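> turn this into a structure:
(chains A and B)
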There are 2 protein chains.
Amino acid sequence: MAKTKADAPLYHKLKNRILELIESGRYRPGDRLPTEYELCEQFEVSRTTVRQALHHLKLEGHIEQTQGKGTFVASSKIQQPLSSYISFDDYMKRLGLTGETKVLEFAVVPANAKLAKMLQVAETDPLFKLIRMRYVDRTPLKYSITYIPWKVAPGLALEEIHGSLYDVFRGKYGHQLSKCVDWIEPILTDDQYSEYLEVAVGAPALMVRSVTYDTAGIPMEHSQEIFRGDRSKFVLERDLQSPSANYTGLLPDPWQHEPDGAE
Amino acid sequence: MAKTKADAPLYHKLKNRILELIESGRYRPGDRLPTEYELCEQFEVSRTTVRQALHHLKLEGHIEQTQGKGTFVASSKIQQPLSSYISFDDYMKRLGLTGETKVLEFAVVPANAKLAKMLQVAETDPLFKLIRMRYVDRTPLKYSITYIPWKVAPGLALEEIHGSLYDVFRGKYGHQLSKCVDWIEPILTDDQYSEYLEVAVGAPALMVRSVTYDTAGIPMEHSQEIFRGDRSKFVLERDLQSPSANYTGLLPDPWQHEPDGAE
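Residues are numbered from 1 along each chain as shown, chains lettered A, B, ... in the order given. Now for the predicted structure:
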(Lines give C-alpha, C1' and ligand atoms only; values in the text may rest on other atoms or scores of the structure.)
Protein backbone atom coordinates (compact mmCIF):
# COMPACT_ATOMS: atom_id res chain seq x y z
CA MET A 1 0.00 0.00 0.00
CA ALA A 2 2.75 2.44 0.93
CA LYS A 3 4.12 3.63 -2.39
CA THR A 4 7.61 4.99 -2.60
CA LYS A 5 7.23 6.96 -5.74
CA ALA A 6 9.85 9.66 -5.86
CA ASP A 7 9.57 10.62 -9.52
CA ALA A 8 6.48 11.95 -11.21
CA PRO A 9 6.22 11.16 -14.91
CA LEU A 10 7.97 13.68 -17.14
CA TYR A 11 4.80 14.99 -18.74
CA HIS A 12 3.37 15.60 -15.26
CA LYS A 13 6.39 17.74 -14.36
CA LEU A 14 6.13 19.61 -17.65
CA LYS A 15 2.41 20.13 -17.15
CA ASN A 16 3.04 21.58 -13.69
CA ARG A 17 5.88 23.74 -15.00
CA ILE A 18 3.62 25.26 -17.67
CA LEU A 19 0.84 25.66 -15.11
CA GLU A 20 3.22 27.60 -12.87
CA LEU A 21 4.05 29.92 -15.75
CA ILE A 22 0.32 30.51 -16.27
CA GLU A 23 -0.48 30.93 -12.59
CA SER A 24 2.44 33.27 -11.99
CA GLY A 25 1.19 35.52 -14.78
CA ARG A 26 4.19 34.90 -17.06
CA TYR A 27 1.60 33.70 -19.58
CA ARG A 28 -1.76 35.45 -19.40
CA PRO A 29 -5.18 34.47 -20.75
CA GLY A 30 -5.14 34.77 -24.52
CA ASP A 31 -1.33 34.55 -24.79
CA ARG A 32 0.07 32.06 -27.26
CA LEU A 33 2.22 29.33 -25.72
CA PRO A 34 5.43 28.26 -27.45
CA THR A 35 4.93 25.66 -30.21
CA GLU A 36 5.30 21.95 -29.45
CA TYR A 37 8.71 22.08 -31.09
CA GLU A 38 9.80 25.06 -29.00
CA LEU A 39 8.55 23.35 -25.81
CA CYS A 40 10.58 20.22 -26.71
CA GLU A 41 13.69 22.36 -27.12
CA GLN A 42 13.09 24.54 -24.09
CA PHE A 43 12.40 21.71 -21.63
CA GLU A 44 14.53 19.07 -23.37
CA VAL A 45 11.71 16.54 -23.59
CA SER A 46 10.17 14.47 -26.38
CA ARG A 47 7.25 15.46 -28.57
CA THR A 48 5.16 12.75 -26.86
CA THR A 49 5.83 14.27 -23.45
CA VAL A 50 4.88 17.73 -24.68
CA ARG A 51 1.68 16.42 -26.24
CA GLN A 52 0.65 14.54 -23.09
CA ALA A 53 1.26 17.63 -20.96
CA LEU A 54 -0.76 19.82 -23.34
CA HIS A 55 -3.55 17.24 -23.54
CA HIS A 56 -3.99 17.31 -19.76
CA LEU A 57 -3.77 21.09 -19.58
CA LYS A 58 -6.48 21.28 -22.22
CA LEU A 59 -8.83 18.77 -20.56
CA GLU A 60 -8.59 20.71 -17.31
CA GLY A 61 -9.31 23.97 -19.10
CA HIS A 62 -5.99 25.75 -18.68
CA ILE A 63 -5.24 26.05 -22.39
CA GLU A 64 -7.14 26.09 -25.68
CA GLN A 65 -5.83 24.67 -28.93
CA THR A 66 -6.97 26.08 -32.25
CA GLN A 67 -6.22 24.08 -35.38
CA GLY A 68 -3.55 25.88 -37.37
CA LYS A 69 -3.33 28.80 -34.95
CA GLY A 70 -1.59 27.31 -31.95
CA THR A 71 -2.05 26.88 -28.24
CA PHE A 72 -3.40 29.71 -26.10
CA VAL A 73 -3.82 30.28 -22.40
CA ALA A 74 -7.53 29.89 -21.59
CA SER A 75 -9.58 32.39 -19.63
CA SER A 76 -9.30 31.86 -15.90
CA LYS A 77 -11.78 29.57 -14.23
CA ILE A 78 -14.69 31.38 -12.70
CA GLN A 79 -14.40 31.25 -8.95
CA GLN A 80 -17.81 30.69 -7.41
CA PRO A 81 -18.87 30.89 -3.79
CA LEU A 82 -20.17 27.77 -2.10
CA SER A 83 -20.60 28.91 1.46
CA SER A 84 -23.00 31.74 0.78
CA TYR A 85 -25.92 32.51 -1.41
CA ILE A 86 -25.98 35.15 -4.09
CA SER A 87 -27.93 34.92 -7.33
CA PHE A 88 -26.14 33.83 -10.47
CA ASP A 89 -26.76 37.06 -12.35
CA ASP A 90 -25.76 39.30 -9.46
CA TYR A 91 -22.63 37.30 -8.89
CA MET A 92 -21.52 37.49 -12.51
CA LYS A 93 -22.23 41.21 -12.52
CA ARG A 94 -19.97 41.66 -9.51
CA LEU A 95 -17.22 39.80 -11.36
CA GLY A 96 -17.70 42.08 -14.33
CA LEU A 97 -18.98 39.22 -16.48
CA THR A 98 -22.21 38.84 -18.40
CA GLY A 99 -24.40 36.05 -17.10
CA GLU A 100 -27.25 34.71 -19.19
CA THR A 101 -29.98 32.19 -18.38
CA LYS A 102 -31.87 30.08 -20.93
CA VAL A 103 -34.91 28.10 -19.87
CA LEU A 104 -34.87 24.79 -21.77
CA GLU A 105 -37.93 23.25 -20.15
CA PHE A 106 -40.64 24.37 -17.77
CA ALA A 107 -43.44 21.94 -17.01
CA VAL A 108 -45.54 20.39 -14.27
CA VAL A 109 -44.81 16.69 -13.71
CA PRO A 110 -45.93 14.06 -11.17
CA ALA A 111 -43.48 13.29 -8.35
CA ASN A 112 -41.82 9.89 -8.65
CA ALA A 113 -40.90 7.95 -5.50
CA LYS A 114 -37.42 9.44 -5.26
CA LEU A 115 -38.51 13.05 -5.70
CA ALA A 116 -41.48 12.57 -3.39
CA LYS A 117 -39.16 11.44 -0.61
CA MET A 118 -36.64 14.20 -1.23
CA LEU A 119 -39.27 16.95 -1.33
CA GLN A 120 -41.55 15.45 1.34
CA VAL A 121 -44.63 15.28 -0.89
CA ALA A 122 -46.85 12.39 -1.91
CA GLU A 123 -46.07 10.35 -5.00
CA THR A 124 -47.76 11.78 -8.11
CA ASP A 125 -48.11 15.19 -6.41
CA PRO A 126 -47.50 17.96 -8.95
CA LEU A 127 -43.97 19.38 -9.19
CA PHE A 128 -42.60 22.14 -11.36
CA LYS A 129 -39.71 20.84 -13.43
CA LEU A 130 -37.34 23.52 -14.62
CA ILE A 131 -34.32 22.91 -16.83
CA ARG A 132 -31.98 25.84 -17.26
CA MET A 133 -28.63 26.58 -18.90
CA ARG A 134 -26.42 29.31 -17.50
CA TYR A 135 -23.90 31.03 -19.73
CA VAL A 136 -21.08 33.38 -18.84
CA ASP A 137 -19.88 35.62 -21.63
CA ARG A 138 -21.65 33.23 -24.04
CA THR A 139 -19.81 30.14 -22.71
CA PRO A 140 -21.93 27.42 -21.08
CA LEU A 141 -21.17 27.25 -17.35
CA LYS A 142 -23.83 24.97 -15.92
CA TYR A 143 -26.84 22.85 -16.75
CA SER A 144 -29.44 22.51 -14.02
CA ILE A 145 -32.66 20.64 -13.34
CA THR A 146 -34.84 21.98 -10.51
CA TYR A 147 -37.97 20.46 -8.99
CA ILE A 148 -40.34 22.63 -6.92
CA PRO A 149 -43.48 21.25 -5.25
CA TRP A 150 -46.57 22.92 -6.72
CA LYS A 151 -47.80 23.83 -3.24
CA VAL A 152 -44.56 25.75 -2.55
CA ALA A 153 -45.15 28.09 -5.48
CA PRO A 154 -48.69 27.62 -6.80
CA GLY A 155 -49.06 29.04 -10.29
CA LEU A 156 -45.36 29.82 -10.73
CA ALA A 157 -45.04 31.38 -14.19
CA LEU A 158 -42.38 31.16 -16.86
CA GLU A 159 -41.56 34.87 -16.70
CA GLU A 160 -40.66 34.57 -13.01
CA ILE A 161 -37.96 31.94 -13.35
CA HIS A 162 -35.31 33.75 -15.34
CA GLY A 163 -33.72 35.32 -12.29
CA SER A 164 -33.24 34.11 -8.74
CA LEU A 165 -35.75 31.48 -7.60
CA TYR A 166 -34.93 32.39 -4.01
CA ASP A 167 -36.12 35.94 -4.66
CA VAL A 168 -39.39 34.55 -6.02
CA PHE A 169 -39.82 32.21 -3.03
CA ARG A 170 -39.17 35.04 -0.60
CA GLY A 171 -40.97 37.83 -2.45
CA LYS A 172 -44.07 36.49 -4.17
CA TYR A 173 -44.64 33.47 -1.91
CA GLY A 174 -43.41 34.88 1.41
CA HIS A 175 -41.27 31.87 2.32
CA GLN A 176 -38.60 32.24 4.99
CA LEU A 177 -35.64 30.31 3.63
CA SER A 178 -33.46 28.67 6.24
CA LYS A 179 -30.74 26.59 4.65
CA CYS A 180 -29.55 24.76 1.60
CA VAL A 181 -27.76 21.41 1.80
CA ASP A 182 -25.40 20.62 -1.09
CA TRP A 183 -23.85 17.32 -2.11
CA ILE A 184 -20.84 17.75 -4.37
CA GLU A 185 -19.31 15.06 -6.56
CA PRO A 186 -16.83 15.11 -9.42
CA ILE A 187 -18.18 13.37 -12.52
CA LEU A 188 -17.27 12.92 -16.17
CA THR A 189 -19.60 14.42 -18.74
CA ASP A 190 -21.61 12.00 -20.84
CA ASP A 191 -22.92 12.72 -24.36
CA GLN A 192 -25.86 14.68 -23.06
CA TYR A 193 -24.02 16.93 -20.63
CA SER A 194 -21.19 17.35 -23.13
CA GLU A 195 -23.58 18.62 -25.76
CA TYR A 196 -25.17 21.15 -23.42
CA LEU A 197 -21.89 22.28 -21.91
CA GLU A 198 -20.03 22.22 -25.25
CA VAL A 199 -17.14 20.08 -24.03
CA ALA A 200 -15.67 16.71 -25.07
CA VAL A 201 -17.37 13.59 -23.71
CA GLY A 202 -15.55 12.50 -20.54
CA ALA A 203 -14.52 16.01 -19.52
CA PRO A 204 -14.31 16.74 -15.79
CA ALA A 205 -17.41 18.31 -14.27
CA LEU A 206 -18.90 18.96 -10.87
CA MET A 207 -22.32 17.66 -9.98
CA VAL A 208 -23.96 19.64 -7.18
CA ARG A 209 -27.26 18.29 -5.86
CA SER A 210 -29.08 20.38 -3.30
CA VAL A 211 -32.24 20.77 -1.26
CA THR A 212 -33.40 24.14 0.06
CA TYR A 213 -35.50 24.28 3.24
CA ASP A 214 -37.63 26.94 4.86
CA THR A 215 -37.46 27.75 8.58
CA ALA A 216 -40.09 25.06 9.31
CA GLY A 217 -37.86 22.45 7.64
CA ILE A 218 -40.11 22.10 4.58
CA PRO A 219 -38.23 21.41 1.32
CA MET A 220 -38.68 24.27 -1.12
CA GLU A 221 -36.79 22.86 -4.08
CA HIS A 222 -34.36 20.17 -5.18
CA SER A 223 -31.75 20.87 -7.85
CA GLN A 224 -29.14 18.94 -9.76
CA GLU A 225 -26.55 21.15 -11.36
CA ILE A 226 -23.69 20.12 -13.66
CA PHE A 227 -20.85 22.67 -13.79
CA ARG A 228 -18.24 22.68 -16.54
CA GLY A 229 -15.06 21.68 -14.78
CA ASP A 230 -12.74 23.61 -17.02
CA ARG A 231 -14.52 26.87 -16.23
CA SER A 232 -15.48 26.39 -12.59
CA LYS A 233 -13.80 26.38 -9.27
CA PHE A 234 -15.55 26.77 -5.98
CA VAL A 235 -14.40 28.68 -2.98
CA LEU A 236 -15.53 28.05 0.55
CA GLU A 237 -14.65 29.55 3.89
CA ARG A 238 -14.86 27.34 6.96
CA ASP A 239 -15.12 28.77 10.44
CA LEU A 240 -12.72 26.93 12.74
CA GLN A 241 -13.74 28.79 15.87
CA SER A 242 -17.25 27.39 16.12
CA PRO A 243 -16.94 24.13 14.22
CA SER A 244 -19.96 22.61 15.88
CA ALA A 245 -22.15 25.45 14.65
CA ASN A 246 -22.01 24.21 11.10
CA TYR A 247 -21.23 20.57 11.54
CA THR A 248 -22.81 18.65 8.71
CA GLY A 249 -20.65 15.58 8.45
CA LEU A 250 -23.23 13.14 9.65
CA LEU A 251 -26.19 14.49 7.72
CA PRO A 252 -28.15 11.64 6.20
CA ASP A 253 -27.29 10.92 2.60
CA PRO A 254 -30.58 10.86 0.65
CA TRP A 255 -29.05 8.96 -2.27
CA GLN A 256 -28.10 6.11 -0.04
CA HIS A 257 -30.60 3.58 1.30
CA GLU A 258 -28.41 2.76 4.29
CA PRO A 259 -27.35 5.71 6.45
CA ASP A 260 -24.14 3.97 7.42
CA GLY A 261 -21.27 3.63 4.96
CA ALA A 262 -19.71 0.58 3.39
CA GLU A 263 -20.58 -2.74 4.92
CA MET B 1 -26.70 28.31 -28.19
CA ALA B 2 -30.15 27.22 -27.06
CA LYS B 3 -30.20 23.49 -27.59
CA THR B 4 -33.47 21.69 -28.10
CA LYS B 5 -32.37 18.27 -27.06
CA ALA B 6 -35.39 16.29 -26.02
CA ASP B 7 -33.89 12.83 -26.03
CA ALA B 8 -30.94 11.71 -23.98
CA PRO B 9 -28.85 8.97 -25.57
CA LEU B 10 -30.13 5.48 -24.81
CA TYR B 11 -27.13 4.49 -22.73
CA HIS B 12 -27.60 7.60 -20.62
CA LYS B 13 -31.19 6.57 -19.89
CA LEU B 14 -30.10 3.03 -19.09
CA LYS B 15 -27.31 4.32 -16.85
CA ASN B 16 -29.79 6.48 -14.93
CA ARG B 17 -32.27 3.61 -14.70
CA ILE B 18 -29.63 1.32 -13.15
CA LEU B 19 -28.52 4.15 -10.88
CA GLU B 20 -32.09 4.52 -9.66
CA LEU B 21 -32.22 0.81 -8.85
CA ILE B 22 -29.01 1.20 -6.84
CA GLU B 23 -30.08 4.41 -5.10
CA SER B 24 -33.51 3.06 -4.22
CA GLY B 25 -31.89 0.07 -2.52
CA ARG B 26 -33.23 -2.47 -5.04
CA TYR B 27 -29.58 -3.37 -5.61
CA ARG B 28 -27.34 -3.01 -2.58
CA PRO B 29 -23.55 -2.72 -2.25
CA GLY B 30 -22.03 -6.10 -3.06
CA ASP B 31 -25.07 -7.33 -5.04
CA ARG B 32 -24.43 -8.76 -8.46
CA LEU B 33 -26.12 -6.91 -11.32
CA PRO B 34 -27.76 -8.87 -14.13
CA THR B 35 -25.35 -9.93 -16.89
CA GLU B 36 -24.90 -7.81 -20.01
CA TYR B 37 -27.11 -10.25 -21.86
CA GLU B 38 -29.84 -10.04 -19.23
CA LEU B 39 -29.68 -6.24 -19.24
CA CYS B 40 -30.07 -6.25 -23.05
CA GLU B 41 -33.17 -8.43 -22.72
CA GLN B 42 -34.64 -6.60 -19.77
CA PHE B 43 -34.29 -3.09 -21.17
CA GLU B 44 -34.54 -4.05 -24.86
CA VAL B 45 -31.31 -2.34 -25.82
CA SER B 46 -28.16 -3.37 -27.69
CA ARG B 47 -25.01 -4.80 -26.15
CA THR B 48 -23.18 -1.57 -27.05
CA THR B 49 -25.69 0.48 -25.11
CA VAL B 50 -25.38 -1.79 -22.07
CA ARG B 51 -21.59 -1.62 -22.21
CA GLN B 52 -21.55 2.17 -22.48
CA ALA B 53 -23.91 2.48 -19.53
CA LEU B 54 -21.82 0.09 -17.42
CA HIS B 55 -18.59 1.85 -18.44
CA HIS B 56 -19.90 5.18 -17.14
CA LEU B 57 -21.29 3.64 -13.96
CA LYS B 58 -17.88 2.11 -13.32
CA LEU B 59 -15.87 5.28 -13.96
CA GLU B 60 -18.08 7.15 -11.52
CA GLY B 61 -17.64 4.43 -8.92
CA HIS B 62 -21.18 3.05 -8.77
CA ILE B 63 -20.27 -0.47 -9.86
CA GLU B 64 -17.23 -2.73 -9.92
CA GLN B 65 -16.48 -5.26 -12.61
CA THR B 66 -14.47 -8.37 -11.84
CA GLN B 67 -13.14 -10.39 -14.75
CA GLY B 68 -15.07 -13.65 -14.98
CA LYS B 69 -17.18 -12.92 -11.92
CA GLY B 70 -19.55 -10.23 -13.12
CA THR B 71 -20.66 -6.74 -12.21
CA PHE B 72 -21.28 -5.74 -8.61
CA VAL B 73 -22.72 -2.71 -6.90
CA ALA B 74 -19.83 -0.76 -5.36
CA SER B 75 -19.67 0.43 -1.77
CA SER B 76 -21.39 3.76 -1.32
CA LYS B 77 -19.32 6.90 -1.70
CA ILE B 78 -18.05 8.28 1.56
CA GLN B 79 -19.91 11.45 2.37
CA GLN B 80 -17.53 14.00 3.83
CA PRO B 81 -18.29 17.32 5.46
CA LEU B 82 -17.01 20.48 3.85
CA SER B 83 -18.54 23.17 5.99
CA SER B 84 -17.06 22.05 9.28
CA TYR B 85 -13.86 20.69 10.58
CA ILE B 86 -13.41 17.31 12.13
CA SER B 87 -10.25 15.24 11.95
CA PHE B 88 -10.04 12.51 9.35
CA ASP B 89 -9.65 9.68 11.85
CA ASP B 90 -12.46 10.90 14.11
CA TYR B 91 -14.76 11.31 11.19
CA MET B 92 -14.15 7.81 9.85
CA LYS B 93 -14.64 6.42 13.33
CA ARG B 94 -18.03 8.11 13.54
CA LEU B 95 -18.97 6.53 10.22
CA GLY B 96 -17.92 3.15 11.57
CA LEU B 97 -15.04 2.93 9.09
CA THR B 98 -11.34 2.42 9.67
CA GLY B 99 -9.24 5.38 8.60
CA GLU B 100 -5.51 5.02 8.16
CA THR B 101 -2.81 7.59 7.45
CA LYS B 102 0.53 6.89 5.78
CA VAL B 103 3.22 9.55 5.74
CA LEU B 104 5.01 9.34 2.38
CA GLU B 105 7.34 12.27 2.86
CA PHE B 106 8.25 14.64 5.70
CA ALA B 107 11.01 17.15 5.05
CA VAL B 108 12.03 20.77 5.43
CA VAL B 109 12.26 22.63 2.11
CA PRO B 110 12.86 26.26 1.07
CA ALA B 111 9.76 28.26 0.09
CA ASN B 112 9.49 28.99 -3.61
CA ALA B 113 7.91 32.26 -4.81
CA LYS B 114 4.40 30.80 -5.01
CA LEU B 115 4.45 29.17 -1.57
CA ALA B 116 6.09 32.23 -0.02
CA LYS B 117 3.23 34.41 -1.24
CA MET B 118 0.56 31.93 -0.17
CA LEU B 119 2.01 31.44 3.31
CA GLN B 120 3.21 35.04 3.78
CA VAL B 121 6.84 34.11 4.38
CA ALA B 122 10.05 35.17 2.61
CA GLU B 123 11.35 33.17 -0.34
CA THR B 124 13.74 30.40 0.77
CA ASP B 125 12.27 30.49 4.31
CA PRO B 126 12.05 26.93 5.70
CA LEU B 127 8.76 25.08 5.27
CA PHE B 128 7.74 21.64 6.42
CA LYS B 129 6.59 19.57 3.46
CA LEU B 130 4.32 16.72 4.36
CA ILE B 131 2.91 14.19 1.89
CA ARG B 132 0.24 11.86 3.25
CA MET B 133 -2.06 9.17 1.93
CA ARG B 134 -5.36 8.54 3.66
CA TYR B 135 -7.02 5.14 3.40
CA VAL B 136 -10.51 4.05 4.39
CA ASP B 137 -10.95 0.36 5.00
CA ARG B 138 -7.68 -0.14 3.07
CA THR B 139 -8.91 1.76 0.00
CA PRO B 140 -7.05 4.96 -0.92
CA LEU B 141 -9.27 8.00 -0.37
CA LYS B 142 -6.97 10.99 -0.73
CA TYR B 143 -3.44 12.09 -1.45
CA SER B 144 -2.34 15.32 0.19
CA ILE B 145 0.63 17.66 0.20
CA THR B 146 0.84 20.14 3.08
CA TYR B 147 3.27 23.01 3.60
CA ILE B 148 3.72 24.55 7.05
CA PRO B 149 6.04 27.49 7.74
CA TRP B 150 8.82 26.43 10.14
CA LYS B 151 8.04 29.38 12.42
CA VAL B 152 4.43 28.18 12.80
CA ALA B 153 5.54 24.84 14.24
CA PRO B 154 9.26 24.96 15.04
CA GLY B 155 10.69 21.49 15.46
CA LEU B 156 7.53 19.68 14.36
CA ALA B 157 8.33 15.97 14.59
CA LEU B 158 7.33 12.99 12.48
CA GLU B 159 5.46 11.30 15.32
CA GLU B 160 3.16 14.32 15.69
CA ILE B 161 1.80 14.35 12.17
CA HIS B 162 -0.11 11.10 11.98
CA GLY B 163 -3.26 12.55 13.47
CA SER B 164 -4.88 15.96 13.21
CA LEU B 165 -2.48 18.81 12.40
CA TYR B 166 -5.04 21.23 13.81
CA ASP B 167 -4.80 19.50 17.17
CA VAL B 168 -1.01 19.91 17.07
CA PHE B 169 -1.27 23.59 16.08
CA ARG B 170 -3.72 24.25 18.89
CA GLY B 171 -2.21 22.02 21.54
CA LYS B 172 1.58 22.04 21.30
CA TYR B 173 1.95 25.43 19.59
CA GLY B 174 -0.97 27.30 21.17
CA HIS B 175 -2.30 28.75 17.91
CA GLN B 176 -5.85 30.07 17.81
CA LEU B 177 -7.18 28.86 14.47
CA SER B 178 -9.70 31.16 12.83
CA LYS B 179 -10.68 29.89 9.41
CA CYS B 180 -9.82 27.71 6.47
CA VAL B 181 -10.43 28.80 2.87
CA ASP B 182 -10.91 25.97 0.36
CA TRP B 183 -10.81 26.07 -3.42
CA ILE B 184 -12.48 23.07 -5.02
CA GLU B 185 -12.02 21.89 -8.60
CA PRO B 186 -12.88 18.70 -10.44
CA ILE B 187 -9.84 17.21 -12.18
CA LEU B 188 -8.87 14.02 -13.98
CA THR B 189 -6.20 11.88 -12.38
CA ASP B 190 -2.86 11.76 -14.15
CA ASP B 191 -0.39 8.83 -13.96
CA GLN B 192 0.94 9.97 -10.61
CA TYR B 193 -2.36 10.49 -8.83
CA SER B 194 -3.77 7.34 -10.40
CA GLU B 195 -0.95 5.28 -8.99
CA TYR B 196 -1.40 6.64 -5.48
CA LEU B 197 -5.18 6.47 -5.56
CA GLU B 198 -5.26 3.08 -7.36
CA VAL B 199 -7.61 4.20 -10.13
CA ALA B 200 -7.39 4.33 -13.93
CA VAL B 201 -5.64 7.35 -15.46
CA GLY B 202 -8.25 9.97 -16.32
CA ALA B 203 -10.62 9.02 -13.49
CA PRO B 204 -12.66 11.82 -11.94
CA ALA B 205 -11.18 13.36 -8.80
CA LEU B 206 -11.62 16.42 -6.64
CA MET B 207 -8.73 18.76 -5.99
CA VAL B 208 -9.16 20.77 -2.80
CA ARG B 209 -6.55 23.44 -2.12
CA SER B 210 -6.74 25.27 1.17
CA VAL B 211 -5.09 27.78 3.46
CA THR B 212 -5.69 27.80 7.23
CA TYR B 213 -5.36 31.07 9.15
CA ASP B 214 -5.05 31.96 12.82
CA THR B 215 -7.10 34.72 14.43
CA ALA B 216 -4.40 37.28 13.51
CA GLY B 217 -4.77 36.31 9.83
CA ILE B 218 -1.40 34.54 9.70
CA PRO B 219 -1.34 31.48 7.39
CA MET B 220 -0.73 28.29 9.34
CA GLU B 221 -0.62 25.81 6.48
CA HIS B 222 -1.39 25.32 2.81
CA SER B 223 -2.63 21.98 1.51
CA GLN B 224 -3.42 20.41 -1.82
CA GLU B 225 -5.57 17.31 -1.53
CA ILE B 226 -6.67 14.95 -4.31
CA PHE B 227 -9.78 12.92 -3.43
CA ARG B 228 -10.77 9.79 -5.34
CA GLY B 229 -13.94 10.79 -7.13
CA ASP B 230 -15.48 7.34 -7.13
CA ARG B 231 -15.29 7.16 -3.33
CA SER B 232 -15.96 10.76 -2.31
CA LYS B 233 -18.84 13.08 -2.14
CA PHE B 234 -18.93 16.25 -0.12
CA VAL B 235 -21.79 17.65 1.81
CA LEU B 236 -22.18 21.25 2.77
CA GLU B 237 -24.85 23.19 4.57
CA ARG B 238 -25.37 26.82 3.64
CA ASP B 239 -27.11 29.25 5.94
CA LEU B 240 -29.62 31.28 3.94
CA GLN B 241 -30.70 33.46 6.84
CA SER B 242 -27.44 35.32 7.30
CA PRO B 243 -25.86 35.00 3.87
CA SER B 244 -23.58 37.98 4.37
CA ALA B 245 -22.00 36.31 7.42
CA ASN B 246 -20.20 33.78 5.31
CA TYR B 247 -20.01 35.51 1.97
CA THR B 248 -16.85 34.41 0.26
CA GLY B 249 -17.66 34.86 -3.39
CA LEU B 250 -15.29 37.70 -4.00
CA LEU B 251 -12.32 36.37 -2.09
CA PRO B 252 -9.16 36.89 -4.09
CA ASP B 253 -8.07 33.85 -6.07
CA PRO B 254 -4.42 33.21 -5.20
CA TRP B 255 -3.87 31.07 -8.32
CA GLN B 256 -4.81 33.91 -10.56
CA HIS B 257 -2.54 36.86 -11.27
CA GLU B 258 -5.48 39.15 -12.02
CA PRO B 259 -8.15 39.40 -9.33
CA ASP B 260 -10.82 40.01 -11.96
CA GLY B 261 -12.04 37.17 -14.17
CA ALA B 262 -11.80 36.72 -17.92
CA GLU B 263 -10.91 39.77 -19.93
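> how about the nearest residue to residue A:22 once chain neighbours are set aside, what does it touch?
Distances taken as Cβ to Cβ, 6 or more residues apart in numbering or on different chains put residue A:73 closest to residue A:22, at 5.6 Å, once the chain neighbours are dropped. C-betas here are computed from N, CA, C, even on glycine. Shown in contact with residue A:73 (Cβ atoms under 8 Å, 6 or more residues apart in numbering or on different chains): A:22, A:27, A:28, A:29, A:30, A:31, A:33, A:62, A:63, A:64.
> out of the residues you listed, which are buried?
When neighbours are counted using 16 or more other Cβ atoms under 10 Å in any protein chain shown, the contacts of residue A:73 contain these buried positions: A:22, A:27, A:29, A:33, A:62, A:63, A:64.
> how far away from the center of its chain is the lowest-mean-pLDDT helix or strand in chain A?
In chain A, no helix or strand scores lower on mean pLDDT, DSSP states H and E than strand A:78-81, which sits at a mean of 74. Taking the mean of its C-alpha atoms, strand A:78-81 sits 9 Å from the chain's own mean (Cα atoms, centre = their mean, to the nearest Å).
> who does the helix or strand following it touch, helix- and strand-wise?
Using DSSP states H and E, the next helix or strand after strand A:78-81 towards the C-terminus is helix A:88-94. Helix A:88-94 is packed against strand A:99-110, with contacts defined by 3 or more Cβ pairs under 8 Å, 6 or more residues apart in numbering or on different chains; DSSP states H and E.
> so which bits of the strand it packs on are buried?
A:99, A:100, A:104.
> quick check: the second one touching residue A:139?
The one in question is residue A:100. No - counting by Cβ atoms under 8 Å, residue A:100 stays clear of residue A:139, with 9.9 Å between them.
> what helix or strand is residue A:162 on?
Under the criterion of DSSP H and E, residue A:162 resides outside all helices and strands.
> shaky segments in the stretch 101-250 of chain A?
A:242-250 (pLDDT under 70).
> show me where it has helices.
A:113-119, A:165-171, A:191-197 (DSSP state H, counting those that start in this stretch).
> for those, which one ends up most surrounded?
helix A:191-197 (a mean of 19; mean count of other Cβ atoms under 10 Å in any protein chain shown).
> how many neighbours does residue A:154 have?
Residue A:154: 10 surrounding residues under other Cβ atoms under 10 Å in any protein chain shown.
> ok, residue A:114 to residue A:58 distance?
Here residue A:114 is placed at a distance of 36 Å from residue A:58 (Cβ to Cβ, to the nearest Å).
> again with residue A:67
The gap separating residue A:67 from residue A:58 is 13 Å, by Cβ to Cβ.
> okay, those two: which has more neighbours?
Counted by other Cβ under 10 Å, residue A:67 and residue A:58 do not tie: residue A:58 has more neighbours, with 17 against 5.
> thought that one was touching residue A:72?
No - judged on Cβ under 8 Å, residue A:58 makes no contact with residue A:72 at a distance of 10.5 Å.
> which SSE is residue A:40 in?
Assigned by DSSP H and E, residue A:40 falls in helix A:36-43.
> picking up where we left off before, let me have the buried ones among the contacts of residue A:73 in CSV, extended by secondary structure.
Output for the buried ones among the contacts of residue A:73, formatted as CSV (DSSP: H, G, I helix; E, B strand; the rest coil):
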residue, secondary structure
A:22, helix
A:27, coil
A:29, coil
A:33, coil
A:62, coil
A:63, strand
A:64, strand
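> between the helices of the stretch 101-250 of chain A, which one is closest to chain B.
Chain B lies closest to helix A:191-197 among the helices of the stretch 101-250 of chain A, at 4.7 Å (Cβ to the nearest Cβ).
> helices or strands next to that closest one in the packing?
The elements that helix A:191-197 packs onto, with contact taken as 3+ Cβ pairs under 8 Å, 6+ apart, are strand A:139-149, strand A:219-228, helix B:10-23.
> dump those into a markdown table; add distance to residue B:42 as well.
Listed next are the helices and strands packed on helix A:191-197 as a markdown table, based on distance: least, Cβ to Cβ, whole Å:
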| stretch | distance to residue B:42 |
| --- | --- |
| strand A:139-149 | 26 |
| strand A:219-228 | 26 |
| helix B:10-23 | 10 |
